[in-house]
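Novice: mind folding the following:
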Amino acid sequence: GTIYSCSWSSDDKYVMTCSADGTIKLIQVLPESLQVVQTAHAVGPQTATCGTTTSKIPIGAMQMGCTFTKDDVPVSVSLNGQITILPQPPICGGPDEGFIQVLTGHAAPIAGLVLDSTRKLAYTGDTDGIVCQWDLQTGRTIQRLSHEQPQNEDLMGKIHSGAISCLAIVPTTGHLFSAGWDDTLRISNSQGQVLASQNQKLQAQPNAMSTGTKLTVIMTVEGLVFVDALEGTLCSDIVHPLGGNYNPLSVCITLDDSTIYVGGDDCQIHVYTVDSNGTSMTPTKVYKDLHLKPIHALSLSPDNTKLASSDVRDVCVTDLTQPQDSPPLVGKGRWCFHTQRITCLSWHPNGTCLASGGADDQLFIWNLENKMKRIHYKLTHRGGVTGLAFWQQDDGGSSKLVSVGADSCFVTWNVQQDMDKKF
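Specialist: Numbers count the residues shown, from 1 in each chain. Next comes the predicted model:
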């Protein structure tokens, strides 16, 4: 195949080449000749990482660039964005691929993040339609989710043909729900396989998703769609219009599947009750005076007694156990230090701390018991924060914050020391 790149080692003893046939060759430069000392086939390890098999060279396994990194470790990059690491010369393996290490991740902005704390897993989805599974304990990728054969024969790893807009996890089954701009809901198991038989076509473009215990709600441009979380099937074929003169921007559902909160571009939070089958919903009340700007993120506390909401500047918290006309726990003008749209919110398991991330590249951690203090992390993700979630390894263990952003990065923050010191 065509050779796309070559690179010299620092001691000028080796040359590495990579090509369209998916191979990486390590060539030793002798005084009077050249000797190929290693030929590595990247296809085998990558098919194992993506959970697929193929009898031909997939386009995604084409090796587009190579170099020697620190200590002359040879690495190569595939068209699908995966990085292949070879042993440091002159230590080379045999003809099999067992010695090759493959690093996978995202090469496009990450648009969604969800945690499966029970199984210590995280899932991220990007604008290329790729979903990655992560180990929360190590912070490393486990694999890219993949279609069943033959959809993934190109090895590009795209499970959606458009950008992924939202993700949700079903805690009881470990199934991942993903929806994107291909107007399709796809369901994957914890082993990383997309269950093609359970794919659901949506009638409108999805923008956000939230799951309760037995019910998942998908917010689309035309209204709400309900999914049976345990069965993975649409509760009905219709899109439930929201009514009113507003466009929905954010949504969340209670753990008992009975109440839905929708944030709109009218600066209000609209509340609906839904029946247990997800076939009908009824508007009940509207929170009108919390925000002065459109509401881009909503999050319920672990016990579902508090609702956090955010706009382009303010983070507000409402006590849902109090009458609607009661003052909020945190009103506008209190937690107002973001300078651009606040894209995501996450509650700490203790129900008193709240994290927020925004398009201004900043992360904040707030505390309801000490409202005047805050933890501030600057320049966390270039291009903006698109998702975040708190995680504790064990009950009562140290707290970590996971964040993703438009820079395609998955970051784990050990925030326990800062929280103990500040709060």
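Novice: now the phi/psi pair for residue 228, please.
Specialist: Main-chain torsions, residue 228, degrees, to the nearest 10: phi -70, psi 110.
Novice: okay, now the residue nearest to it when sequence neighbours are not counted: neighbour count?
Specialist: Once flanking residues are discounted, residue 228 sits nearest to residue 235: 5.8 Å by Cβ to Cβ, 6 or more residues apart in numbering. For every residue, glycine as well, the C-beta is placed using N, CA and C. The number of residues packed near residue 235 is 21, by other Cβ atoms under 10 Å.
Novice: for residue 235, give me its contacts.
Specialist: Shown in contact with residue 235 (Cβ atoms under 8 Å, 6 or more residues apart in numbering): 215, 226, 227, 228, 277, 278, 279.
Novice: now distance to residue 199 and pLDDT too, for the residues you listed, in JSON lines please.
Specialist: JSON lines is the format used below for the contacts of residue 235 (distance: Cβ to Cβ, whole Å; pLDDT from 0 to 100):
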{"residue": "215", "distance to residue 199": "19", "pLDDT": "95"}
{"residue": "226", "distance to residue 199": "17", "pLDDT": "95"}
{"residue": "227", "distance to residue 199": "12", "pLDDT": "94"}
{"residue": "228", "distance to residue 199": "15", "pLDDT": "93"}
{"residue": "277", "distance to residue 199": "22", "pLDDT": "84"}
{"residue": "278", "distance to residue 199": "19", "pLDDT": "85"}
{"residue": "279", "distance to residue 199": "21", "pLDDT": "86"}
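Novice: how much space between the residue nearest to residue 228 and residue 211?
Specialist: Noted for residue 235: a distance of 13 Å to residue 211, by Cβ to Cβ, to the nearest Å.
Novice: the residue of the chain most remote from its centre sits in which helix or strand?
Specialist: Most distant from the centre of the chain: residue 32, at 52.5 Å, with distances by Cα atoms, centre = their mean. Here residue 32 sits in a region with no helix or strand, counting by DSSP states H and E.
Novice: do residue 316 as well
Specialist: Assigned by DSSP H and E, residue 316 falls in strand 315-319.
Novice: C-alpha coordinates for that strand, CSV please?
Specialist: Extracted in CSV, the C-alpha atoms of strand 315-319 (Å, rounded to 0.1, in the frame of the first residue of the first chain):
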residue,chain,number,x,y,z
VAL,A,315,-26.9,28.8,38.9
CYS,A,316,-30.1,28.5,40.9
VAL,A,317,-31.4,25.9,43.3
THR,A,318,-35.0,25.3,44.2
ASP,A,319,-36.4,23.3,47.1
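Novice: would you mark the buried spots in that strand?
Specialist: 315, 316, 317, 318, 319 (16 or more other Cβ atoms under 10 Å).
Novice: per-residue pLDDT of the residue nearest to residue 228, please?
Specialist: Note on residue 235: pLDDT of 91.
Novice: helix or strand right after the helix-or-strand element of the chain with minimal mean pLDDT?
Specialist: In the chain, the helix or strand scored least confidently by mean pLDDT, DSSP states H and E is helix 43-49, which has a mean of 58. Downstream of helix 43-49, the first helix or strand assigned by DSSP H and E is strand 63-68.
Novice: and the following helix or strand past that following strand, what's its mean pLDDT?
Specialist: Downstream of strand 63-68, the next assigned helix or strand under DSSP H and E is strand 74-78. Taken as a whole, strand 74-78 carries a mean pLDDT of 94.
Novice: partners of strand 74-78, with directions?
Specialist: Sheet pairing for strand 74-78, assigned by DSSP bridges, gives strand 63-68 (antiparallel), strand 83-85 (antiparallel).
Novice: lowest mean pLDDT across these, which one is that?
Specialist: strand 83-85 (a mean of 92).
Novice: contacts for it, please.
Specialist: Residues contacting strand 83-85 (Cβ under 8 Å, 6+ apart): 24, 40, 42, 45-46, 63, 73-78, 100-104.
Novice: buried ones in stretch 303-317, by neighbour count?
Specialist: 304, 306-317.
Novice: let me see the residues that make contact with stretch 26-46.
Specialist: Outside stretch 26-46, the residues touching it (Cβ under 8 Å, 6+ apart) are 12-17, 22-25, 54, 57-58, 60-61, 63, 74, 76, 78, 80, 82, 84, 86, 89-90, 92-93, 95-97, 100-102, 155.
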